[in-house]
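> Fold the following for me, if possible:
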Amino acid sequence: MLNKKESALMRVIYKKTTRNKGMCLIRPVELMVGISYGLDFKEEDLEPTMKALIYDEYIDLVESDKKGDFYYCITLLKKGFAFQRSEEQRLRARRSKIISKVLLALLGGAVTILLTRVIVPLFFK
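Residues are numbered from 1 along each chain as shown. Prediction:
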């Protein structure tokens, strides 16, 4: 399971690499621009997060220098290609939890109303 920073970075990588058959050549600045500003993701967090994704076998990374600019050559691995599917499953599970909690709250409210308005007046006239 990926943490918030890893998920945010993996979303950006997934979008960039799926356009080019699972590979891309990208600058670190482009990765940082793709991450939401609402997440506290600093430039210093980029390298450890990339290493975590490599360790978890989501991506393969080669660092290169092209015309004086630093680039990452990123290749998606098997888990990397499955990232979108796992994200969708995670969102589906979260939605079902929310829906079940709302339905349980409505059921609790209905039982409370039934007890206070119907059953209690029958016994305490």
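> Show me where this structure has its helices.
Ranges of helices within the chain are 4-18, 28-34, 43-55, 78-81, 83-114, 120-123, based on DSSP state H.
> now the longest one, how far from the centre of its chain.
Put simply, helix 83-114 sits 19 Å off its chain's centre (Cα atoms, centre = their mean, to the nearest Å).
> And it, what does it pack against?
helix 4-18 (3 or more Cβ pairs under 8 Å, 6 or more residues apart in numbering; DSSP states H and E). For every residue, glycine as well, the C-beta is placed using N, CA and C.
> Tell me which of the helices of the chain is the most buried.
When the helices of the chain are scored by mean count of other Cβ atoms under 10 Å, the highest mean neighbour count falls to helix 4-18 (a mean of 18).
> relative orientation of that one and helix 83-114 in degrees?
If you take axes from the mean of the first three to the mean of the last three Cα atoms, to 10 degrees, helix 4-18 sits at 130 degrees to helix 83-114.
> quick check: mean pLDDT across helix 4-18?
Average pLDDT, helix 4-18: 90.
> C-alpha coordinates for that helix, PDB please?
What follows is helix 4-18, C-alpha atoms only, in PDB (Å, rounded to 0.1, in the frame of the first residue of the first chain):
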ATOM      1  CA  LYS A   4       0.000   9.800   0.100                       C
ATOM      2  CA  LYS A   5       3.200  11.100  -1.300                       C
ATOM      3  CA  GLU A   6       3.900   7.900  -3.200                       C
ATOM      4  CA  SER A   7       0.400   7.800  -4.600                       C
ATOM      5  CA  ALA A   8       0.600  11.400  -5.800                       C
ATOM      6  CA  LEU A   9       3.900  10.800  -7.500                       C
ATOM      7  CA  MET A  10       2.800   7.500  -9.000                       C
ATOM      8  CA  ARG A  11      -0.300   9.200 -10.400                       C
ATOM      9  CA  VAL A  12       1.900  11.700 -12.300                       C
ATOM     10  CA  ILE A  13       4.300   9.000 -13.400                       C
ATOM     11  CA  TYR A  14       1.400   6.800 -14.600                       C
ATOM     12  CA  LYS A  15      -0.100   9.600 -16.700                       C
ATOM     13  CA  LYS A  16       3.200  10.400 -18.300                       C
ATOM     14  CA  THR A  17       4.300   6.800 -19.000                       C
ATOM     15  CA  THR A  18       1.100   5.300 -20.300                       C
END
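> Thanks a lot, see you next time.
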